[in-house]
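Enquirer: Model the following, please.
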Amino acid sequence: MSEKKLAIIATKGTLDWAYPPLILGSTAAALGYEVEIFFTFYGLQLLKKDLDLKMSSLGNPAMPMPMPVPVLMQALPGMEAAMTMMMKAKMQKKGVASIDELRELCIEAEVKMIACQMTVDLFDFKPSELLDNIEYGGAATFFEFAGKSDVNLYM
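Expert: Below is the predicted model of the structure:
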């Protein structure tokens, strides 16, 4: 029986959206899947050596907060920083792994992390800004693997 395969496209670069591709990728790898994550557009932020991910509740009214915050107030200066601080504190209190820890788990589990070359060029990223153990490729690179995968996820 051949190894199961999971292909993920990571398109978002906020703190909350960093978790799904890394948790699902590392878990699938631990379960014996061959995993590739294709990081494109804002998802490319997740491959930066120096992470500075923010939390944004705008466009996410389901975000559980200690107290309800009207959408208009969420757009005020300083709210993004406050929400990021609250979410990081909550995650630490609950023992949730950090993004750095999850990336390290993916690396140890041999999850192939691919930076979209077009996006790297578009946003003028330098290879020195990104993790050392990643690959670069385009949409065709993703489709080559995704076409043979058992599960394909878009995040």
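Enquirer: Tell me how far the one residue sitting closest to the centre of the chain lies from residue 148.
Expert: With distances taken as CA atoms, centre = their mean, residue 18 lies nearest the centre of the chain, 3.1 Å away. If you measure residue 18 against residue 148 using CB to CB, to the nearest Å, the figure is 26 Å. Glycine gets a C-beta too; all of them are placed from N, C-alpha and C.
Enquirer: Kindly report the same for residue 111.
Expert: Computed with CB to CB, the distance linking residue 111 and residue 148 is 16 Å.
Enquirer: do the same with residue 88
Expert: Going from residue 88 to residue 148 by CB to CB gives 38 Å.
Enquirer: hey, which helix or strand in this protein has the poorest pLDDT?
Expert: Across the helices and strands of the chain, mean confidence by mean pLDDT, DSSP states H and E is lowest for helix 71-74: a mean of 65.
Enquirer: following that helix, which helix or strand shows up next?
Expert: Toward the C-terminal end, the helix or strand that comes next after helix 71-74 (DSSP states H and E) is helix 79-94.
Enquirer: Check which helices and strands that following helix sits against.
Expert: The elements that helix 79-94 packs onto, with contact taken as 3 or more CB pairs under 8 Å, 6 or more residues apart in numbering; DSSP states H and E, are helix 15-30.
Enquirer: What residues of the helix it packs on count as buried?
Expert: When neighbours are counted by 16 or more other CB atoms under 10 Å, the buried residues of helix 15-30 are found to be 15-19, 21-22, 24-26, 28-29.
Enquirer: Between residue 111 and residue 148, point out the one with more neighbours.
Expert: More crowded of residue 111 and residue 148, by other CB atoms under 10 Å: residue 111, with 23 against 11.
Enquirer: what's the helix or strand for residue 36?
Expert: Secondary structure from DSSP H and E places residue 36 in strand 34-39.
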